[in-house]
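Novice: Let's see this in three dimensions:
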Amino acid sequence: MKLITTSALSLLAATAVLAVPTSDQVILNGLGSAANEWKDVAHEILREGKQRVTKWVDGGKEFVEQHGLTYELVSHPAFDDHHLRMTEPSLCDTAVKQVSGYLDIADDKHLFYWFFEARTNPEKAPLVLWLNGGPGCSSTTGLLFELGPCRIAEEGKNVSFHPHSWTEKANVIFLDQPVNVGYSYADGDTSVNNTPVAAEDVWAFLELFLTRFPQYAGLPFHVAAESFGGMYAPSIASVVHHKNLDLAKDADADADVLAPGLLHINLASVIIGNGISDPYTQMASVPDAACEGEFPVFSDPQSAQCQALRTKVPTCQRLIKSCYDFDSKFTCTPALLYCNSQLMGPIMQTGRNVYDVRRECDRERDGQLCYQELTWIDTWMNLPETKRQLGVNPALDFASCNMEVNQAFTLQGDGARNRAKLLPELVESGIRLLIYAGDADMACNYIGNERWVEKLENKFHDEFAQTTLQPWVTLDEGKLAGWVRSAGGDGFTAGNLTYVQVHAAGHMVPFDQPEAALDLISRWLEDVPLVLN
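Specialist: Alright, predicted model coming up:
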């Protein structure tokens with residue numbers, strides 16, 4: 001075993017003093033108490049530096065010790081500024097292989113991830129990347145609250161086995177991004193406040209992860225996201241797609257558009273649940289969902305509240321169009337602030353849970369996001385043993401959602417931009433698109449989601465426009481779970497462009513309808529039709 005010890009640049013002077021020959025050290029000792037104090041300080045700094053950054057190689061793998069924790073270190077010649085730190089926890093579902101740790105970016109950004117192998121046939125099961133939205137909410141909330149192999153329990157003292165986890169059918173990576181979300185952290189004032197920057201980091205993570213675990217590299221890869229993830233997922237998928245095109249150019253021209261050794265990522269589909277991707281279309285649908293939807297907030301469509309909401313739509317759309325046209329925070333931020341305050345504000349003032357309008361929201365009891373379980377997640381993730389197993393610095397505090405990150409994205413107007421415009425190129429290239437939405441959600445309502453899919457310009461547009469909602473019945477229990485519109489595949493597949501309305505589900509579909517959500521994702525990943533003929 002070869003031992004390599006490194007330290008920060010600030011330790012160089014101390015290291016130089018300690019490297020002086022013994023005779024010179026004796027002279028140093030005779031210079032008086034001040035020199036002895038500096039020598040003691042130097043020893044202390046070097047000792048702390050060794051604790052922070054100690055590396056070694058064993059069995060052909062590189063390891064690093066930080067914060068008293070040991071990680072495998074994964075690097076790639078194509079990435080000078082990106083490395084993976086990995087450990088293997090035994091939490092949540094101890095029967096499957098797990099990996100957790102950090103993507104370290106340029107020594108100042110650190111994105112936390114947690115991977116679970118599929119419970120059945122992991123060598124053949126597809127690979128799914130899951131991202132929560134917010135912006136600023138940890139994907140661990142998706143793991144422990146919605147679709148992961150365990151559910152938070154006992155007010156955060158424990159977790160319980162989740163039989164309807166998406167890991168029944170897929171290998172799943174949960175990634176906390178951007179920086180300062182969940183366990184992800186920054187050294188200093190580094191931050192990310194827009195979606196495109198975050199997407200490049202995610203591509204680097206995937207390359208490093210698949211290089212370390214080549215058994216997953218050839219599997220179909222799916223980007224899945226929720227809520228503000230409707231902004232993340234198109235951006236990430238677009239970056240992956242264009243990097244794949246560059247790799248193909250390298251192969252055809254025997255040139256180096258990208259660095260050698262990179263992998264083609266087998267991008268198969270983009271999956272967005274209750275997302276925001278086309279705010280111009282989706283914001284305009286708020287009065288329709290609130291006044292005439294499956295679960296209306298206001299019982300009378302002609303009420304003063306409904307009429308007032310409708311009067312706000314033209315100004316909201318005019319501002320968002322300006323954002324689309326100029327793509328600047330100076331046009332996008334005013335649009336976002338106006339639409340949120342004038343269209344979403346009145347709904348929140350009713351006291352309903354905007355993520356599931358069937359529920360009342362008591363924020364003193366349920367927390368700011370109206371779900372007690374999210375506070376339980378904070379409790380469990382901050383347990384010392386949880387941190388130790390996951391390879392997290394004990395000094396870090398976990399929070400399900402970081403409102404400072406949310407505010408930073410808001411002040412850039414990121415949530416008013418058009419990310420749906422990235423999707424037609426992907427669909428044209430054969431990458432499938434699934435949009436699903438629970439019909440009790442008002443944050444990113446189902447009506448607006450269906451409308452933007454219908455207007456999306458692509459080769460399946462005309463076919464999709466001619467479809468009508470068809471019943472979706474689960475395979476195992478034969479229950480009506482919702483309705484489907486799908487184009488492509490001639491009814492023999494799950495479709496190339498598919499929209500699903502999930503009945504009696506809020507913003508977090510896998511939480512409200514776990515059996516139906518597993519049926520939906522299983523059939524989509526296996527490309528099995530959602531409508532039975």
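Novice: Is Phe63 within a helix or a strand, and which one?
Specialist: strand 61-66 (DSSP states H and E).
Novice: Paired strands for the helix or strand following that strand, with orientation please.
Specialist: Once the chain leaves strand 61-66, the next helix or strand it forms, by DSSP H and E, is strand 69-76. Using DSSP bridges, strand 69-76 pairs in its sheet with strand 61-66 (antiparallel), strand 79-87 (antiparallel).
Novice: most tightly surrounded among these?
Specialist: Sort the strands paired with strand 69-76 by mean neighbour count, taking mean count of other Cβ atoms under 10 Å, and strand 79-87 sits at the top with a mean of 19. For glycine as for every other residue, the C-beta is placed from the backbone atoms N, C-alpha and C.
Novice: That one: what's the following helix or strand?
Specialist: strand 98-105.
Novice: hmm, who's touching that next one?
Specialist: For strand 98-105, the surrounding residues in contact (Cβ atoms under 8 Å, 6 or more residues apart in numbering) are 71, 81-92, 110-117, 179, 184, 201, 204-205, 208, 213, 389-391.
Novice: tell me the angle of that strand relative to strand 79-87?
Specialist: Strand 98-105 and strand 79-87 are oriented at 150 degrees to each other (axes from the mean of the first three to the mean of the last three Cα atoms, to 10 degrees).
Novice: right, and the helix or strand after strand 98-105?
Specialist: strand 109-116.
Novice: give me every residue that touches the residue positioned nearest the centre of the chain.
Specialist: For the chain, Leu131 is the residue whose C-alpha lies nearest the centre (Cα atoms, centre = their mean; 2.0 Å). Leu131 makes contacts with Ser139, Gly142, Leu175, Gln177, Val223, Ala224, Ala225, Glu226, Gly229, Tyr232, Ala233, Ile236, as judged by Cβ under 8 Å, 6+ apart.
Novice: Grab the two from those that are most spread out in space.
Specialist: Comparing all pairs in the contacts of Leu131 by Cβ to Cβ, the longest separation belongs to Gly142 and Ile236, at 15.4 Å.
Novice: more crowded one of those two?
Specialist: Neighbour count, other Cβ atoms under 10 Å: between Gly142 and Ile236, Ile236 has more, with 30 against 27.
Novice: what residue ranges in the stretch 151-300 of the chain score low on pLDDT?
Specialist: Along the stretch 151-300 of the chain, segments meeting pLDDT under 70 span 188-196, 252-259.
Novice: One more pass at 90, please.
Specialist: Counting by pLDDT under 90, the ranges of the stretch 151-300 of the chain that qualify are 177-182, 184-200, 248-261.
Novice: for the stretch 401-533 of the chain, same thing?
Specialist: The model of the stretch 401-533 of the chain has pLDDT under 90 over residues 401-416, 491, 532-533.
Novice: Could I get the full set of helices for it?
Specialist: 403-411, 423-428, 446-455, 461-465, 509-512, 514-525 (DSSP state H, counting those that start in this stretch).
Novice: Quick one: these as TSV, columns for mean neighbour count and distance to Glu123 too.
Specialist: Below are these laid out as TSV (neighbours: other Cβ atoms under 10 Å; distance: least, Cβ to Cβ, whole Å):
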stretch	mean neighbour count	distance to Glu123
helix 403-411	17	37
helix 423-428	19	27
helix 446-455	22	34
helix 461-465	15	35
helix 509-512	24	25
helix 514-525	22	15
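Novice: a markdown table for these, including distance to Val64?
Specialist: What follows is the helices of the stretch 401-533 of the chain, written out as a markdown table (distance: least, Cβ to Cβ, whole Å):
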| stretch | distance to Val64 |
| --- | --- |
| helix 403-411 | 27 |
| helix 423-428 | 37 |
| helix 446-455 | 44 |
| helix 461-465 | 50 |
| helix 509-512 | 35 |
| helix 514-525 | 35 |
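Novice: Any idea which of the ones you listed gets closest to Met348?
Specialist: helix 403-411 (15.0 Å).
Novice: what about Ile377, how many neighbours?
Specialist: Other residues near Ile377 number 24, with proximity taken as other Cβ under 10 Å.
Novice: Please disregard the earlier target; I meant Thr54.
Specialist: With other Cβ under 10 Å as criterion, Thr54 counts 17.
Novice: Could you double-check that it sits in contact with Val64?
Specialist: Yes - counting by Cβ atoms under 8 Å, Thr54 touches Val64, with 6.8 Å between them.
Novice: Who are the packing partners of the biggest helix by length in the chain?
Specialist: Ordering each helix of the chain by length in residues (DSSP state H) puts helix 229-253 first. If you count contacts as 3 or more Cβ pairs under 8 Å, 6 or more residues apart in numbering; DSSP states H and E, helix 229-253 packs onto strand 127-131, helix 195-212, strand 221-226, strand 267-273, helix 423-428.
Novice: Now do the buried residues in it.
Specialist: By neighbour count on 16 or more other Cβ atoms under 10 Å, the buried set for helix 229-253 is 229-241, 243-244, 247, 250.
Novice: Save the helices and strands packed on helix 229-253 as TSV, and put in distance to Ala290 too.
Specialist: Conversion of the helices and strands packed on helix 229-253 to TSV gives the following (distance: least, Cβ to Cβ, whole Å):
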stretch	distance to Ala290
strand 127-131	27
helix 195-212	27
strand 221-226	21
strand 267-273	20
helix 423-428	27
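Novice: What's the local residue count around the residue nearest to Pro394 when sequence neighbours are not counted?
Specialist: The shortest distance from Pro394 to any non-neighbouring residue, by Cβ to Cβ, 6 or more residues apart in numbering, is to Lys387 (5.6 Å). By the measure other Cβ under 10 Å, the count of residues near Lys387 is 20.
Novice: Could I get the phi/psi values of Lys387?
Specialist: Backbone dihedrals for Lys387, given as degrees, to the nearest 10, come out at phi -60, psi -40.
Novice: measure it to Glu364 for me?
Specialist: Distance from Lys387 to Glu364, counting by Cβ to Cβ, to the nearest Å: 28 Å.
Novice: ditto for Gln215
Specialist: According to Cβ to Cβ, Gln215 and Glu364 sit 48 Å apart.
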